[in-house]
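Trainee: Sequence plus the predicted model coming up.
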Amino acid sequence: MKFMSKFTITAIFSIIITAAAQATDKPENLSLAAGVKASASSVYMKYTADKAIDGNAKNMDSRWLSEKTEGERSITIDFGKEVELCKAVYIFWTPKCVGVDYDIMVKDGESWKTVKEVRGGEGNEQTITFTPVKTTALKTVFLKTSSDNHVRLYELETYAK
Ligand SMILES: [Ca+2]
């Protein structure tokens, strides 16, 4: 019994240590940091751009929707300071309503530099990686969506690793 209880305690500690290590290793979603702001080329009804950076990817009310337009449909995340980015995760509404073609850009002085041209994107969660770059803002310009011309985006996560 004594052996068992020691074993049990050791096992519990090992689980706690593993969980703590995993929590530390999990990359931080920079979109959720204090002071980060989102803006969009257009907003449909109550679905404002800030809803794409609120950490909620489940509630239908917590989405950014662009106007239904063939003009520019873009969302910009302003970090308010310099950050390093190498990955963006787009969580769209449903697998049938996703961004197919879109350009990912970062602020480069007064202009924008394209870091990735996504073509033929599929699935409601799309993880896009690119060469690490230092910037203060990330802009995504949607060229083609899979359903109609609305962009319906639950969350736009950004990562340094
Ligand atoms: Ca959301």
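Mentor: Now that the structure is in, tell me what you want to look at.

Trainee: How about the residues of this protein by the ion?
Mentor: Counting by CB under 5 Å from the ion, the residues of the chain lying close to the ion are 51, 54, 56, 62, 154-155. C-beta: built from backbone N, CA, C; applies to glycine.

Trainee: For Thr114, see how far away whatever residue of the chain ends up closest to the ion is.
Mentor: Residue nearest to the ion within the chain (CB to the ion): Ser62, separated by 3.5 Å. In this structure, Ser62 lies at 28 Å from Thr114, with CB to CB, to the nearest Å as the measure.

Trainee: Check Lys26 too.
Mentor: Applying CB to CB, one obtains 29 Å for the distance of Lys26 from Thr114.

Trainee: Of the two, give the one with the bigger neighbour count.
Mentor: Set Lys26 next to Thr114 and count neighbours by other CB atoms under 10 Å: Thr114 wins out with 13 against 8.

Trainee: quick one: average confidence on the host helix or strand of that one?
Mentor: When elements are defined using DSSP states H and E, Thr114 is found to belong to strand 111-118. In this model, strand 111-118 carries a mean pLDDT of 98.

Trainee: and the helix or strand just after that strand, what does it pack onto?
Mentor: Following strand 111-118 in sequence order, the next helix or strand is strand 125-145 (DSSP H and E). The criterion is 3 or more CB pairs under 8 Å, 6 or more residues apart in numbering; DSSP states H and E, and the helices and strands that strand 125-145 contacts are strand 73-92, strand 99-108, strand 111-118.

Trainee: in the second one, what's buried?
Mentor: If I follow you right, that is strand 99-108. Along strand 99-108, the positions that meet the burial threshold by neighbour count (16 or more other CB atoms under 10 Å) are 99-100, 102-107.
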